[in-house]
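Undergrad: Attaching a predicted model along with its sequence, questions to come.
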2 protein chains.
Amino acid sequence: MGATKTDLFTKKQNELAKMAKAIAHPARIAILQQLIKTNACICGNLVNELGLAQPTISQHLKELKLAGIIQGTVEGTSVCYCIDPKVWQKYQQFFNDFFVAVNELAEGGCC
Amino acid sequence: MGATKTDLFTKKQNELAKMAKAIAHPARIAILQQLIKTNACICGNLVNELGLAQPTISQHLKELKLAGIIQGTVEGTSVCYCIDPKVWQKYQQFFNDFFVAVNELAEGGCC
DNA sequence: GATATTAATCGTAATATTGCAATAAATGAG
DNA sequence: CTCATTTATTGCAATATTACGATTAATATC
């Protein structure tokens, strides 16, 4: 039915899934990389960098903002986006914790 | 139009996005955690553990298999799934590389 | 206030994802 | 070969995502 049954899973599982979803699009990854690369925030010249239309970029920015990864502050007629380091670290932590679990056992192989 | 414009992005960006998508669902995270927890592979008793119908689990397993994270080997009437440590490590590496980039600068804040 | 610039929102079309009932395929036991 | 068990596939309905044209909102400049 297209709707995820979130009630079947733990808070952590749902949260990690949501975090993964936030970066599960090349445009959003490209946006984040641009924000990192230009350090200082840079605003909507993302539209020029990536080849997507302005509303599309705006929508992706909204999702990233909703996920908490970035924040935007109005600056004249334009808006300045940048990564929230705290949330970014949380993401790093969550993903690392998830992946690290296996390496602890691993080896044995199985089937 | 619902179709991602992959041609606009780099191979790495598309790949990371795909990897994120593979784990961007709580059921798939739960499945992976079960496979880790029970170390030895465990097959379709995932259906009992999670509360989803058998075809739904089967579909998620297929996606994880397609992403390369897991592999399944037939064992009698049942199938034994387990994590592919090599691919898992690749995932860990990719995500870490992505997140680590910011911490190198960070601090300055911006807007 | 009128105009230009930039970004957000609305509306809509195309496509993708999620979930499951029904069914098929594969294998082991008898 | 028949039957039971387990998993995969098919077909379909509900919902979500992606993308963009058209428009609106916000702000700066004149």
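TA: Thanks, I have the structure now.

Undergrad: Next, residue A:73: phi, psi?
TA: phi -120, psi 140 (degrees, to the nearest 10).

Undergrad: That one: how many residues sit nearby?
TA: Look at residue A:73: counted by other C-beta atoms under 10 Å in any protein chain shown, it has 12 neighbours. Yep, even glycine has a C-beta here, placed from its N, CA and C like the rest.

Undergrad: my guess is it contacts residue A:65, does it?
TA: No: using C-beta atoms under 8 Å, residue A:73 makes no contact with residue A:65, being 11.3 Å away.

Undergrad: Now for residue A:31, how many residues are close by?
TA: Residue A:31, neighbours per other C-beta under 10 Å, totals 26.

Undergrad: ranges for the helices of chain A?
TA: For chain A, the helices defined by DSSP state H cover A:11-22, A:26-37, A:46-49, A:54-66, A:85-103.

Undergrad: Name the surrounding residues that touch the second one.
TA: Right, helix A:26-37. Applying C-beta atoms under 8 Å, 6 or more residues apart in numbering or on different chains, the external contacts of helix A:26-37 come out as A:22-23, A:41-42, A:46, A:49-50, A:52, A:56-57, A:60-61, A:63-64, A:69-70, A:81-83, B:4-6, B:8-10, B:13-14, B:16-17, B:98, B:101-102, B:105.

Undergrad: Please name the nearest non-neighbouring residue to the residue of chain A found nearest DNA strand C.
TA: Sorted by distance to DNA strand C under C-beta to the nearest atom of the strand, the residues of chain A start with residue A:44, at 2.3 Å. Excluding the flanking residues, the one nearest residue A:44 by C-beta to C-beta, 6 or more residues apart in numbering or on different chains is residue A:78, at 6.0 Å.

Undergrad: per-residue confidence for that neighbour?
TA: pLDDT recorded at residue A:78 is 93.

Undergrad: Kindly report the same for the one 10 residues further on.
TA: Reading off the confidence values, residue A:88 has pLDDT 96.

Undergrad: and residue A:24, backbone torsions?
TA: The phi/psi pair for residue A:24 (degrees, to the nearest 10) reads phi -90, psi 40.

Undergrad: My read is that it contacts residue B:15, right?
TA: No: applying C-beta under 8 Å as the test, residue A:24 and residue B:15 come out as separate, 11.8 Å apart.

Undergrad: Looking at the two, which one has more neighbours?
TA: More crowded of residue A:24 and residue B:15, by other C-beta under 10 Å: residue A:24, with 21 against 15.

Undergrad: What residues does that one make contact with?
TA: By C-beta under 8 Å, 6+ apart, the residues touching residue A:24 are B:17, B:20-21, B:24.

Undergrad: and if you look at residue A:8?
TA: Counted by C-beta under 8 Å, 6+ apart, residue A:8 has contacts B:26-27, B:50-52.

Undergrad: repeat that for 6 Å
TA: Residues near residue A:8 by C-beta atoms under 6 Å, 6 or more residues apart in numbering or on different chains: residue B:51.

Undergrad: what's the pLDDT at it?
TA: The model's pLDDT for residue A:8 equals 96.

Undergrad: Now for residue A:19, how many residues are close by?
TA: 22.

Undergrad: With residue A:20 as the reference, measure out to the residue nearest to residue A:84 when sequence neighbours are not counted.
TA: With C-beta to C-beta, 6+ apart as the criterion, residue A:84 has its nearest non-adjacent residue at 5.4 Å, and that residue is residue A:71. For residue A:71, the distance to residue A:20 (C-beta to C-beta, to the nearest Å) stands at 20 Å.
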